[in-house]
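Colleague: Could you work out the structure for the sequence below:
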Amino acid sequence: MNRKEYNHSVDELSDGLYNFALRYTASPTQSSDAVQDSFVALWEHRGEVKACNAKKWLMRVLYHRLVDQHRYQSRLSQMPAPDTAVAQHESFELSDSLQLALAALPEVQRSLVLLRDLEGYAYREMASMLNITEQQVMVYLYRARQTMKKVLTNELDLR
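Modeller: I've put the predicted structure just below:
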């Protein structure tokens, strides 16, 4: 990948990566940092990455950075509760209930729901990004949707 292809990747992919990260973290600062770290990694590995594979490569790196951030925050016990995270970003395009349901999911399931339902990735692409099998993708998505259904049903019952 040369400089021109790299710059084109930044221009074309940064908004989508940021939106994915924002949905995952609900924190604009963490999302920006993770996306920027991903592009730094792309620049450092530009000799190994072909321009046509940049999006897939960046999504994989971004996902791993987000998981690392999440684990680090969990260890420090400074991660806000799910409903606090929702309240921190009022302009978030998803409803509060849906954000709460997403926050209730384990990190792999949350990522898969976001990749599939909001970003439109195919099972094979998601399996490749997360280094799991396509069957695992299907099982995790099924379980995630079942959990979200329970959370949303409980949320509606409380109203």
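
Colleague: so how far is Leu105 from Lys150?
Modeller: When CB to CB, to the nearest Å is the yardstick, Lys150 and Leu105 sit 11 Å from each other. Where you see a C-beta, it was placed from the backbone N, CA and C, and this is true even at glycine.

Colleague: Please read the previous query as pertaining to Ile132.
Modeller: In this structure, Ile132 lies at 15 Å from Leu105, with CB to CB as the measure.

Colleague: Show me which of Lys150 and Leu105 is the more surrounded one.
Modeller: Neighbours were counted for Lys150 and for Leu105 using other CB atoms under 10 Å; Leu105 has more, 20 against 12.

Colleague: ok, that one - contacts?
Modeller: Val113, Ala144, Thr147, Met148 (CB atoms under 8 Å, 6 or more residues apart in numbering).

Colleague: Grab the nearest non-local neighbour of the last one.
Modeller: If I follow you right, that is Met148. In space, Met148 comes closest to Ala101 once its chain neighbours are excluded; the distance is 4.2 Å by CB to CB, 6 or more residues apart in numbering.

Colleague: Same check on the first one?
Modeller: Spatial nearest neighbour of Val113, excluding adjacent residues (CB to CB, 6+ apart): Ala144 at 5.0 Å.

Colleague: Give the other helices and strands that the helix or strand that neighbour falls within contacts.
Modeller: Using DSSP states H and E, the element containing Ala144 is helix 134-158. Identification of packing neighbours for helix 134-158 by 3 or more CB pairs under 8 Å, 6 or more residues apart in numbering; DSSP states H and E yields helix 96-103, helix 107-113, helix 123-130.
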